[in-house]
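> Generate coordinates for the sequence data below:
(chains A and B)
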2 protein chains.
Amino acid sequence: MRTGIATVCLSGTLKEKMQACAIAGFDGIEIFEQDLVTSPLSPEEVRKMAADLGLGLDLYQPFRDFDGVTPDLLKANLKRAEAKFKLMERLGMDTILVCSNVATATIDDDDLRAGQLAELAELAGAHGVKVAYEALAWGKYVNDYEHAYRLVEMVDHPNLGTCLDSFHILSRDWDTAPIEQINAEKIFFVQVADAPKLSMDVLSWSRHYRVFPGEGQFELAKFLGHVVRAGYTGPVSLEVFNDVFRQSDTERTAVDAMRSLIWLEEQSAKWLANASGADAPDNKAASRRRYPMELATLPKVNEPAGFNFAEVKADDTAQLEKLLGQLGFGFQGRHRTKDVQLWTMGQARVIINEQAASHSEPAIAALGFDVDSPVIASARAQQLKAPVVARKVQADEEVFQGISAPDSTEIFLCQGSPDGTAAWTHEFGEGLDRSTETQNAVIDHVNLAQPWQHFDEAVLFYTSALALEPQPFAEVPSPSGLVRSQVMETSNGAVRLVLNLAPAQQAQTARKTYQEHIAFAVDNLVAAARSAQERGLEFLQIPANYYEDLDARFDLEPGFLATLKELNLLYDRDANGEFLHFYTATVGSVFFEMVERRGNYDGYGAPNAPVRHAVQYDSLHRV
Amino acid sequence: MRTGIATVCLSGTLKEKMQACAIAGFDGIEIFEQDLVTSPLSPEEVRKMAADLGLGLDLYQPFRDFDGVTPDLLKANLKRAEAKFKLMERLGMDTILVCSNVATATIDDDDLRAGQLAELAELAGAHGVKVAYEALAWGKYVNDYEHAYRLVEMVDHPNLGTCLDSFHILSRDWDTAPIEQINAEKIFFVQVADAPKLSMDVLSWSRHYRVFPGEGQFELAKFLGHVVRAGYTGPVSLEVFNDVFRQSDTERTAVDAMRSLIWLEEQSAKWLANASGADAPDNKAASRRRYPMELATLPKVNEPAGFNFAEVKADDTAQLEKLLGQLGFGFQGRHRTKDVQLWTMGQARVIINEQAASHSEPAIAALGFDVDSPVIASARAQQLKAPVVARKVQADEEVFQGISAPDSTEIFLCQGSPDGTAAWTHEFGEGLDRSTETQNAVIDHVNLAQPWQHFDEAVLFYTSALALEPQPFAEVPSPSGLVRSQVMETSNGAVRLVLNLAPAQQAQTARKTYQEHIAFAVDNLVAAARSAQERGLEFLQIPANYYEDLDARFDLEPGFLATLKELNLLYDRDANGEFLHFYTATVGSVFFEMVERRGNYDGYGAPNAPVRHAVQYDSLHRV
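Next comes the predicted model:
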């Protein structure tokens, strides 16, 4: 598959964008006109730079408001087009995008439109240019890709074809199956964009909220599958207007973009292999046949079986050790070559890393995941352009395959074991186990704060590299703004990762970093809380008002309510079960949570999150 | 008018919110349940704090999903309600908001709903509580205020009335005139919120994009006018869910909120005085009659007649002096007592203030506006809670009435003169006038960068205190993101102020402050540019590609195009006229623009703004 990206997806100047696209490994780019107009580079310099960078200049865009106009306007439009065709000759480009008319069309007549497009195609041919005509979702008369293609067929000129843009097609819920009926030679270009399903006017949705494939909710694997079945072999190019990407680091966004195409390619290949019934009008054999476009695949991974460990970093680790000990964790000793400690409670393993820079506050530094094959998972992640984490390994130590997540958390791909143990724990000395806790525990979920520029990138990263599934996001009120909360999890809930996008820092107050946490699940939370209380744990103090409201909502048994209140436990209930949890005080930017899931409760106590935020905010402000 | 605000409008804890509301001068507040549930303050402590602060506790809210349910659910809902009524007794509160059912209603039957609301009213009465029933815009069966009122009438119980919320009514485009037919005794509460007109699902619109009155596009003066005519005398309370306000400084947002109510009160009084025809079903005399609710008015001001001056501040002013001299400004001397210089070109006056702190870069510090009466305008601004700027005045010097805008720019209200001169210029010595320019000039517009937390506040500030009119906003692409651009102007265009919301700083690069500028209008821009070029002015360099595109778009006369290109002039044209302009290089965070308006061109060369942003970005990055 030939990969491409429109320069409008990225921040920066045309030069910066082109360099970033080359570094990310794109085959070609679309030049968005405004990027050229505002650039000090001459067309000839752009052409040379692209050649030097090994980038194809695959599409010049957009040419707007051409068709369905009065004769006077047509004349002016053809003159305007000719100027662009001449410019393209200097750029060495041969394909231009012409969008269906939005602003100046006054005549709704396919014969007239076809006649005008024929004139355009003839003029384009004289300059060696191919015109890719695209139906905008909000085109005045032409807003449906099948309509645009009918016009192309009517004109039947070698220099006129169509451009298929997934946003314009999927935002309108057009059926994508008829794509397969399009003559592949008439598909001059294919653009892909994903988007969250939003209920708003389609123009604003398109201009601000598009995201890269895998970061939204469109069925892009199917869309591209139909395109492949049509026999198309040209570029598959990203055209993503996104307010955040426009503000983010150019090179990094280009890599995120490239990852999305690599992932989409694999997903489409899967869709083609699995499609049947209505999606595969041909028989089963046909769905296995080869298509002119080759789709690359990736090393396959299953979803992780669980958390292998969580690692917390600090220069002064005393408070972390104290908290873990109070929660019931046992100290299992120091690593034989590294400055790290291992603390465990049943199968919940926490590494305390003492190698942090001085004056750095405790923070979550790394997560280990149990996978079938760390090497295969690492190969997949690297093919998806995840940055590799180098970790020094001594003889006889387990080799950890590490990659860096978009928020810089280190992700280690570990060999899982059927009994939930981890071989590497033997590398830790004969530590004194001070655990007095008899309960088993596992890491239930981890909650990571995400920088606002890299939230969508993180969703795609965990989806593509780690096979976690994004759930519908939630917004949680906190005293300093709404917190966007995105759960990524495995189908069985063995791995649950919560990505939180904290509100921007208030300019007026020196606010601490947004807090992150690790939650441990036990079988008997009340017992665990009592033991922790006896060990002197500082619980997050839940307001009395909360328990009154809880009682009004759930009509709880008085003794149970008293226990919740006494131990600062929070409670939630839904149709599937119950959820009990408590939080510790915060150390640096880290705190811990302990939870008990009863029945098939599958959530995270979302109604209680505002309480937690408010109490944490209050305690930060009182410090 | 009794003023109120819901605690959900503000950031912070309940305590912080209550204190801020008292400081801003609200009569009462609505307690949003979550703020109480998450607070460590007991209901009794909240009650005492409100009394100490002089704040009424006017509404407890929200109570959701009550009506239209099955008998089982009704029983549980009544139990839930009773717990809240008991809580309200402890808080000393007597009114609760009950929203029409969204989630649990299954029976669409007005008789059933009325019966259930009657049971609720009876229970409420036993606890001394009044129930204000409100139709949510997205209520499952009840989403229209007239429907909610019909139910209230059917029940006919002293403890059941209705709540009118401008958002739920205006977002659905319900006619507001029938409000006057509602029995005022049955209007238990009135909530006001403004909003920009957005085409999106009404729930998201409501939860994220509400703004304070005067910051959006709803016809609130009319809405409140109808409420006043109905005979309502209770609180008019703000309920504004806004993502930004939730993140902004609590006290400051409370003041912004109070300003919006003071302004709305005046606008409604005006509407009542002017209403006629369909809006005033009674005769003219009736529209002048007094209503039970007294609406306070403000000192009246007309829109300003022009800019009196602009002031730029720096510790090293050499570069500013050089730029102004090259543009054709003449040095008119130093002030007799202050460290400021006056530079003029015709009626365009620029003060260079040398009193800036050391190492502070040149920046726009103050703007003077010509008003009919500085004292009246200042009184109005102060009643609108604009912070006063103190400026030391010596004997025989003009007293400047100054207020501080939301972005901290100092706004001075100056005595305008019919001939466009300014009396205070006599306070400057016999400076050497080095001006070689013979053209007149005026300040055409000023472009100020706004902090993102205070953008809506700034719109209301200039609307209410200075009588500028907000125009539809635009979004301009720049290499570091979209720039939101909001024009505020007088009806004749004599004052044009552009508020720009720059994209967030890129985290990865140390970016300079977003640039601001002052634009001067002359009659002959080509001549002014040539003179400036001869004086060695450093123009912002416009790329050659721009002129090619300009030609493709406008088909310009070759000689004219060559002149534009030679002098780095930008060009725009619309149905009303033409616009020529150029920019200087940037000094600190300031640059200058010189413009010529031909015909009735009323814009700002918006199509050229991306070019300016790209070139400025490029030059910052090359430094």
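
> For the stretch 101-250 of chain A, give me the ranges with low pLDDT.
Counting by pLDDT under 70, the stretch 101-250 of chain A contains no low-confidence residues.

> What segments of it are strands?
A:130-134, A:160-165, A:187-192, A:235-238 (DSSP state E, counting those that start in this stretch).

> Please put the alpha-carbon coordinates of the first one into CSV.
Coordinates of each C-alpha in strand A:130-134 appear next as CSV, following Å, rounded to 0.1, in the frame of the first residue of the first chain:
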residue,chain,number,x,y,z
LYS,A,130,-5.4,14.4,-13.8
VAL,A,131,-8.4,15.8,-12.0
ALA,A,132,-9.8,13.8,-9.0
TYR,A,133,-13.3,15.0,-8.4
GLU,A,134,-14.6,14.5,-4.9
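
> for chain A, what's the longest helix?
helix A:250-274 (DSSP state H).

> Leaving out the residues flanking it, which one is nearest to residue A:116?
residue A:67 (5.1 Å; C-beta to C-beta, 6 or more residues apart in numbering or on different chains). The way it works is simple: take the backbone N, C-alpha and C, and place the C-beta from them, glycine included.

> Neighbours of that neighbour, how many?
Residues lying near residue A:67 (other C-beta atoms under 10 Å in any protein chain shown) number 26.

> Quick check: the gap between it and residue B:113.
54 Å (C-beta to C-beta, to the nearest Å).

> same check, this time on residue A:576
For residue A:576 relative to residue B:113 (C-beta to C-beta), the value is 31 Å.

> picking that back up, could the strands of the stretch 101-250 of chain A go into TSV alongside mean neighbour count and distance to residue A:295?
Formatted as TSV, the strands of the stretch 101-250 of chain A follow (neighbours: other C-beta atoms under 10 Å in any protein chain shown; distance: least, C-beta to C-beta, whole Å):
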stretch	mean neighbour count	distance to residue A:295
strand A:130-134	25	22
strand A:160-165	26	17
strand A:187-192	25	13
strand A:235-238	26	10
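
> closest to residue B:201 out of these?
Closest approach to residue B:201 among the strands of the stretch 101-250 of chain A is made by strand A:160-165 (24.1 Å; C-beta to C-beta).

> Dump that closest one to PDB, restricted to CA.
Below are the C-alpha coordinates for strand A:160-165, written out as PDB (Å, rounded to 0.1, in the frame of the first residue of the first chain):
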ATOM      1  CA  LEU A 160     -11.100  12.900 -15.000                       C
ATOM      2  CA  GLY A 161     -11.500  10.400 -12.100                       C
ATOM      3  CA  THR A 162     -12.800  10.500  -8.600                       C
ATOM      4  CA  CYS A 163     -11.400  10.800  -5.100                       C
ATOM      5  CA  LEU A 164     -12.900   8.800  -2.300                       C
ATOM      6  CA  ASP A 165     -12.600  10.400   1.100                       C
END
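
> sorry, back to before: so who does the residue nearest to residue A:116 touch?
With contacts defined as C-beta atoms under 8 Å, 6 or more residues apart in numbering or on different chains, the neighbours of residue A:67 are A:98, A:100-101, A:105, A:113, A:116-117, A:120, A:142.

> Can you give me the distance of it to chain B?
18 Å (C-beta to the nearest C-beta, to the nearest Å).

> One more: residue A:584?
Taken as C-beta to the nearest C-beta, the span from residue A:584 to chain B is 18 Å.

> from what I can see that residue touches residue A:323, true?
Yes. Under the criterion of C-beta atoms under 8 Å, residue A:584 makes contact with residue A:323 at 5.6 Å.
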